[in-house]
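Participant: from the sequence below, what's the structure:
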Amino acid sequence: MEQTSRLITPERSSHGWINGLIGVLIFSGSLPATRLAVLEFEPVFLTVARASIAAVLGLALLWLFRARRPAADQWWPLLIVAFGVVIGFPLLTALALQYVTSAHSIVFIGLLPLATAVFGVLRGGERPRPVFWLFSILGSLLVMGYAFAQGLSAAPAGDLLMLLAVLVCGLGYAEGAKLSRTLGGWQVICWALVVSLPVVAPLTFILAPASFEGISLPAWLSLGYVSLFSMLIGFVFWYRGLAQGGIAAVGQLQLLQPFFGLALAATLLHEQVSLGMLAVTVAVIACVAGAKKFAR
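Facilitator: Purely as a prediction, here's the structure:
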């Protein structure tokens, strides 16, 4: 199979950054929406329900566009993607948001670029320059420093769950981006959702509440957002961007996600966003330029 991603031209790189930015913008609403949803939906049910809804839509897209079936050696990577981004990250963040606010959890997303870059090296064969790691690690240390300054003892379970979520998500991002080089960006997330369907669909019915009476409109809208945008549409742009511009390089755009997410948390959920949180976010964003410059 042709490894087109090895030839990252300036034009492909530009397209990759544009697609990646669109994906990040879409993902930025995930944690605030999840925070709203877990106020009224049980976290495990929310995880399997959003995956089931997205999987049905993904299956329809695969059938509509008559997408080719993955090769035999692509099924295992698809299982890794499903474990990381279809089940692992949504479940762990939904559980974490029972202990911490969405504004606090969003700060941990600043660790995703480093996790994605590491897995990009391990799974994608990329080799960023040493200075790249300096900027990426600096951004991550700023995030972790802020988290410790807030006192992890206040909600250690929530912070640990968020750290685990970042790790499995970074793995899923890198594996999906690598697979997108040969299978295609939207096909990867659709097939990963389909792979998870035999597990999440039965669990959705088993774990469904006895009655949906009393579930508010914001909770339903949040479920719709995380199902359609966070679980499907966002990945179409994100995996395409990672494949076009490089996993480690485009992955640094995730440093912008806390900024967008904090704005949403303050606007929609009326959560307190401190000056310290904003300062850390701005400092982390400043690391994007340096990391981008030395990614290759």
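Participant: so where's the stretch 1-150 of the chain shaky on pLDDT?
Facilitator: Within the stretch 1-150 of the chain, the set of residues satisfying pLDDT under 70 comprises 1-10, 103, 147-148, 150.
Participant: all helices of the stretch 151-296 of the chain, in order?
Facilitator: 156-183, 185-207, 217-225, 234-245, 247-251, 257-268, 275-293 (DSSP state H, counting those that start in this stretch).
Participant: could you say which of the ones you listed is packed most deeply?
Facilitator: Greatest average neighbour count among these goes to helix 247-251 (a mean of 31), per mean count of other Cβ atoms under 10 Å. Every residue, glycine included, has its C-beta placed from N, CA and C.
Participant: in contact with Ala157, which residues?
Facilitator: Going by Cβ atoms under 8 Å, 6 or more residues apart in numbering, Ala157 touches 96, 99.
Participant: if you could redo that for Ala263, that was the one I meant.
Facilitator: Neighbours of Ala263 in contact, by Cβ under 8 Å, 6+ apart: none.
Participant: so which of the helices of the stretch 151-296 of the chain is nearest Tyr146?
Facilitator: helix 275-293 (4.2 Å; Cβ to Cβ).
Participant: gap between that closest one and the chain center?
Facilitator: 19 Å (Cα atoms, centre = their mean, to the nearest Å).
Participant: not counting its own residues, what contacts that helix?
Facilitator: 103, 107, 110, 113, 131-132, 134-136, 138-139, 142-143, 145-146, 149, 249, 252-253, 255-256, 258-259, 262.
Participant: report the buried members of these.
Facilitator: 103, 107, 110, 113, 132, 135-136, 138-139, 142-143, 146, 249, 252-253, 255-256, 258-259, 262 (16 or more other Cβ atoms under 10 Å).
Participant: picking up where we left off before, and of the helices of the stretch 151-296 of the chain, who's closest to Thr34?
Facilitator: Judged by Cβ to Cβ, the one of the helices of the stretch 151-296 of the chain that comes nearest to Thr34 is helix 217-225, at 7.1 Å.
Participant: who does that closest one touch, helix- and strand-wise?
Facilitator: helix 30-38, helix 43-64 (3 or more Cβ pairs under 8 Å, 6 or more residues apart in numbering; DSSP states H and E).
Participant: report the angle between that helix and helix 257-268.
Facilitator: Compare the direction of helix 217-225 with that of helix 257-268 by axes from the mean of the first three to the mean of the last three Cα atoms, to 10 degrees and you get 160 degrees.
Participant: tilt between helix 217-225 and helix 30-38?
Facilitator: Orientation note: helix 217-225 sits at an angle of 130 degrees relative to helix 30-38 (the same axes, to 10 degrees).
Participant: where do the helices of the stretch 1-150 of the chain begin and end?
Facilitator: 10-27, 30-38, 43-64, 75-81, 89-96, 102-108, 112-124, 130-150.
Participant: list the contacts of Ser227.
Facilitator: Ser227 neighbours (Cβ under 8 Å, 6+ apart): 49-51, 53-54.
Participant: which among these gets closest to Phe41?
Facilitator: For these, the minimum distance to Phe41 (Cβ to Cβ) is 7.4 Å, reached by Ala49.
Participant: is the closest one in contact with Phe41, as I believe?
Facilitator: Yes: using Cβ atoms under 8 Å, Ala49 is in contact with Phe41, at 7.4 Å.
Participant: before we move on, the earlier item: and among the helices and strands packed on helix 217-225, the most buried is which?
Facilitator: helix 30-38 (a mean of 26).
Participant: chain center to it: distance?
Facilitator: Chain-centre distance of helix 30-38: 14 Å, with Cα atoms, centre = their mean.
Participant: mind listing residues that contact it?
Facilitator: So helix 30-38 is contacted by 46, 90, 93-94, 97-98, 101-102, 105-106, 109, 218-219, 221-223, 225-226, 229-230, 234, 261, 264-265, 268-269 (Cβ under 8 Å, 6+ apart).
Participant: sorry, back to before: of all the helices of the stretch 1-150 of the chain, which one comes closest to Gly185?
Facilitator: Across the helices of the stretch 1-150 of the chain, closest to Gly185 is helix 10-27 (Cβ to Cβ), at 8.1 Å.
Participant: can I get the helices of the stretch 151-296 of the chain in a markdown table including distance to Gly125?
Facilitator: Output for the helices of the stretch 151-296 of the chain, formatted as a markdown table (distance: least, Cβ to Cβ, whole Å):
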| stretch | distance to Gly125 |
| --- | --- |
| helix 156-183 | 8 |
| helix 185-207 | 17 |
| helix 217-225 | 34 |
| helix 234-245 | 13 |
| helix 247-251 | 9 |
| helix 257-268 | 25 |
| helix 275-293 | 19 |
